[in-house]
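*Asks:* structural data only, the sequence is not supplied:
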């Protein structure tokens, strides 16, 4: 009997302590200064994103992310108010928020509300920062955590862009879009439509496009361990693949068909590229030009514009558009002493992105070139990179590309005039001879077609 009374006494004491702790927790202050990272992320999105979005959209996305981590978080709307609660604790704010700092304050206090010690834990800040970027519904706007950036900083910058040879879909970043011929990924049998489940033991199913790209990239020559689910069914399998760099420093060019045709591959729009192409063009006389933009990820927009100006004589070419009240740019071709009018064919693929896509779009829409290959990446936008106070990085889409008619380069990418089947041999990009590359041979056929069309104009017979 004495033991029973003692046991009841202990239970009562524990219960009393628990109730006191809960009461203290409920009474603990929630209000405080907004977290600096949340403040910076929401302010940067509101100021920089190409389209103006309602502030309550950002707030609700982040609150949903917090509720997924801390399921005690509840919310209820009233007339011009929003109440957030967790257990016996709650607070009410005016709704919708009027300024970015109001969003940061709501999210900061919500993070304190769900924490027993009313502290701001980094995992919650990261989850809400990611959600704020996701609220834009733009695959290229993303928040990269301090851990992700620390990993990137530890790699040698010049060699850290190596990949296993896999291109992914921005809207579905776990799904393989294309596989580069000759890479370990190609040799391992990875095919378009396969899904990547993990990279080096870390699950990537819920990661954004920039996060997956960061995870799959690494030092040149290092081995990536991927768990891959075949698009044709079957059990997932682990594949070891060596990362390799795609050479992208200098243009590559060759004379074809006895020197009558110029083939030039532009791997990236770095400083001076347009001038290099002009020098090659000016060093000879050609009946046609093949401009190879395969796996060109973009780069410096002014270089892309300068390259366009090489092939266009006058008129509007392209522009950059952002939201109302935001800066815009327009680019027009200028007549000068170097305007080449020879027939032109452009080759693109799923790795052609950003400025290279814009070049293909402009040359296609103006009728200046025949475009062949496969649909481009669909990254018709410009990003700003903004460091955050926690050591992370915010990538924000600040503008969208438009072509000569004002139409946006959307996520559907640029569709070629003629689609080509995957090459069964090494392409010029992988070290093969341009004259033996099946896509380059198709470009030569397209050039010959342009020449035949130029000879016979409808209703006029042979042109003089």
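*Replies:* Noted; the coordinates are in hand. Keep in mind that what you see is a predicted model, and the values were worked out from it rather than measured.
*Asks:* where does this structure have low pLDDT?
*Replies:* Per-residue confidence of the chain (counting by pLDDT under 70) places the weak regions at 1-30, 154-160, 246-249, 337, 339, 454-464.
*Asks:* now the helices for it?
*Replies:* Along the chain, counting by DSSP state H, helices occupy 2-27, 36-48, 55-69, 100-113, 122-134, 146-153, 184-187, 209-216, 273-282, 301-311, 355-365, 438-455.
*Asks:* the third one - contacts with which helices or strands?
*Replies:* Pointing back at helix 55-69 there. Secondary-structure packing of helix 55-69 (3 or more C-beta pairs under 8 Å, 6 or more residues apart in numbering; DSSP states H and E): helix 36-48, strand 74-77, helix 100-113, helix 122-134. For glycine as for every other residue, the C-beta is placed from the backbone atoms N, C-alpha and C.
*Asks:* which other residues reach that helix?
*Replies:* Residues from elsewhere that reach helix 55-69 (C-beta atoms under 8 Å, 6 or more residues apart in numbering): 38, 42, 45-46, 73-75, 84, 95-100, 102-103, 106-107, 110-111, 114, 123-124, 127-132, 134-135.
*Asks:* quick one: buried ones out of the residues you listed?
*Replies:* The neighbour count (16 or more other C-beta atoms under 10 Å) marks 38, 42, 45-46, 73, 84, 95-97, 100, 102-103, 106-107, 110-111, 114, 124, 127-132, 134-135 as buried among the contacts of helix 55-69.
*Asks:* nearest to residue 438, of the helices and strands packed on helix 55-69?
*Replies:* With C-beta to C-beta as the measure, helix 122-134 is the member of those nearest residue 438 (40.3 Å).
*Asks:* contacts only, for the most centrally placed residue in the chain.
*Replies:* Within the chain, one residue has its C-alpha closest to the average C-alpha position: by C-alpha atoms, centre = their mean, that is residue 140, at 3.6 Å. Taking C-beta under 8 Å, 6+ apart as the criterion, residue 140 is in contact with 170, 209, 210, 379, 381, 383, 395, 397.
*Asks:* grab the nearest non-local neighbour of it.
*Replies:* Once its chain neighbours are removed from consideration, residue 140 has its nearest residue in residue 397; the separation is 5.2 Å (C-beta to C-beta, 6 or more residues apart in numbering).
*Asks:* beta partners of residue 255?
*Replies:* On the basis of DSSP bridges, residue 255 is bridged to residue 262.
*Asks:* surely it touches residue 285?
*Replies:* No. Counting by C-beta atoms under 8 Å, residue 255 stays clear of residue 285, with 10.8 Å between them.
*Asks:* those two: which is more packed in?
*Replies:* The residue with more neighbours, out of residue 255 and residue 285 and counting by other C-beta atoms under 10 Å, is residue 255; that gives 15 against 10.
*Asks:* touching, residue 396 and residue 51? I think so.
*Replies:* No. When contacts are counted by C-beta under 8 Å, residue 396 is not listed as touching residue 51 (11.2 Å).
*Asks:* what about the two, which has more around it?
*Replies:* For residue 396 versus residue 51, neighbours defined as other C-beta under 10 Å are more numerous around residue 396 (24 against 15).
*Asks:* what's the spacing between the more buried one and residue 322?
*Replies:* Distance of residue 396 to residue 322, computed by C-beta to C-beta, to the nearest Å: 11 Å.
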